[in-house]
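> Pasting a predicted model and its sequence here:
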Amino acid sequence: MIDMSIENLHFAYAKGQDILKGITLDLKGSSTAIIGQNGAGKSTFVKLLKGLIKPDSGTIKMNGEDIVDLTAAELSQHIGMVFQNPNDQIFKNKVINEVMFGPLNIGQGEKEAHANALKALKSVGLSHHVDENPYDLSLSERKMITIASILAMDTDVVIFDEPTMGQDFAGKEILKTIIKDLQDDGKLVLCILHDMDFAAEVFEQTIVLNEGRVLLDGMTHEVFTNEDILKQAHLDQPSIMHVAEQFGITDTYVSEEDLIDRLAKEFGH
């Protein structure tokens, strides 16, 4: 089980303008959604975990080892990150070469990297695009290419930044399967999201950030019942909870399946 421990993390891009103000978290072997409005510090936080920027103070440990002083390149064998905009990540002129780049860069052999790339492309539904130019594909497909690139690296920690953005229902279903498979493989999955419905349905743990501080950290179904804290962070409860309220159901339901089962029992069908 992967354990990331963050203690009293502070960061500012400019002196006196703190973005993160003493973040303390224990991320242990679960799928975790990180939610909050723009400017809450979500992207800055995961960039610190990935080593793309360095904190002003505080510690970041992975399985007990302090990783603050490690470079992004040194961390790439352990932590993979899918950026919000795929165009910031793609630079090869063939899909297969793009997906193989990360694995090769962390020391996988050509044969292993190729096999892992094909497996990853199959998992995101792009096996039939291996020889195409990524920029001949749609934005949502390019997003899937960047996800495949990280999956092929087989890192212990996988960070997604807004993976559902631009995805249709089918794309979101693929993402659900990927996240569950990563979790089943013992990976630590962290995901920045604005999609409350997806966060509620898919993730075990949810962290609410607001103005650089942790407002709430707990099991997802418990976090989404705390309407006052969500309002403080300018966030809505998942739509399924509002549907339940229309039927006079006050228990917490964060997935459609659970609510449908409850309604079927309630109305005798």
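Okay, I see it. Numbering: from 1, shown residues only.

> At the geometric centre of the chain, which residue do we find?
When CA atoms, centre = their mean is applied to the chain, the residue found nearest the centroid is Cys191 (1.7 Å).

> Reduced to three states, what does that residue come out as?
Following DSSP: H, G, I helix; E, B strand; the rest coil, Cys191 is assigned to strand.

> And it, how far from Ala115?
26 Å (CB to CB, to the nearest Å). For the C-beta atoms, the positions are set from N, CA and C on the backbone; glycine is no exception.

> Give me the mean pLDDT for the helix ranked longest in the chain.
Longest helix in the chain, counting residues (DSSP state H): helix 169-184. If you average the pLDDT over helix 169-184, you get 95.

> what does that helix rub up against?
With CB atoms under 8 Å, 6 or more residues apart in numbering as the test, helix 169-184 has contacts from 30-31, 123-125, 140, 144, 147, 151, 158, 160, 163-164, 167, 189, 191, 198, 201-204.

> buried ones in it?
Buried residues in helix 169-184, counted by 16 or more other CB atoms under 10 Å: Gly171, Lys172, Ile174, Leu175, Ile178, Ile179, Leu182, Gln183.

> Of the contacts of helix 169-184, which belong to helices?
Those of the contacts of helix 169-184 lying in helices (DSSP H): Ser123, Ser140, Met144, Ile147, Leu151, Phe198, Glu201, Val202.

> I figured the residue nearest to the centre of the chain hits Ser31, correct?
Yes - Cys191 lies in contact with Ser31 (CB atoms under 8 Å); the separation is 7.3 Å.

> any residues in contact with both of these two?
Listed as contacting both Cys191 and Ser31 by CB under 8 Å, 6+ apart are Ile179, Phe203.
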